[in-house]
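>>> show me the folded form of this:
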Amino acid sequence: QVQLVESGGGMVQAGDSLRLSCAASGRTFSDYFVGWFRQAAGKEREFVAAISWYDGGTTYYVDSVKGRFTISRDNVKNTVYLQMNNLKPEDTAVYYCAADRLVAPGKGDYNFNSWGQGTQVTVSS
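Okay, here's the model as predicted:
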């Protein structure tokens, strides 16, 4: 099973940018889907973005981040990134990355099996 570690969170102001990283160890995850999820205080965890391991990396986003967030992967570094631009206070949450080979984000299947511990993102107005 792949182990995941997130980094890059922090406290920023509205309109700022952050780049989150998800580093994998234990095995290469070049043939895994990798996703980012977030959980705000008092709310359920929600899907944010995902990237496939085929077709050059097909990407999927929740509507609220389209045009602001970009997911990408570097299979040489075994790392997936989430570039977050024009951050808003409603983006405040703990962000988690997850990996799995058999999910289907394009069909709403977010049943990822491997999860990181999360990194806090706080956006002030």
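
>>> quick check: nearest residue in space to the spatially most central residue of the chain, chain neighbours excluded?
For the chain, the residue nearest the mean C-alpha position is residue 36 (2.2 Å; CA atoms, centre = their mean). Using CB to CB, 6 or more residues apart in numbering and skipping residues adjacent in sequence, the residue nearest residue 36 is residue 48, 4.4 Å away. Heads up, the C-betas are built off the backbone N, CA and C, glycines and all.

>>> what's the local residue count around that neighbour?
Residue 48 has 24 neighbours, counted by other CB atoms under 10 Å.

>>> show me what contacts the nearest residue to residue 83 once chain neighbours are set aside?
Excluding the flanking residues, the one nearest residue 83 by CB to CB, 6+ apart is residue 70, at 4.5 Å. Residue 70 makes contact with 59, 82, 83, 85, according to CB atoms under 8 Å, 6 or more residues apart in numbering.

>>> tell me the pLDDT at the residue in the chain sticking out farthest from the centre?
Within the chain, the residue lying farthest from the chain centre (CA atoms, centre = their mean) is residue 125, at 22.7 Å. You'll see residue 125 listed with a pLDDT of 95.

>>> and for residue 55?
pLDDT, residue 55: 68.

>>> and the helices in the protein, which stretches?
Using DSSP state H, the chain contains no helices.
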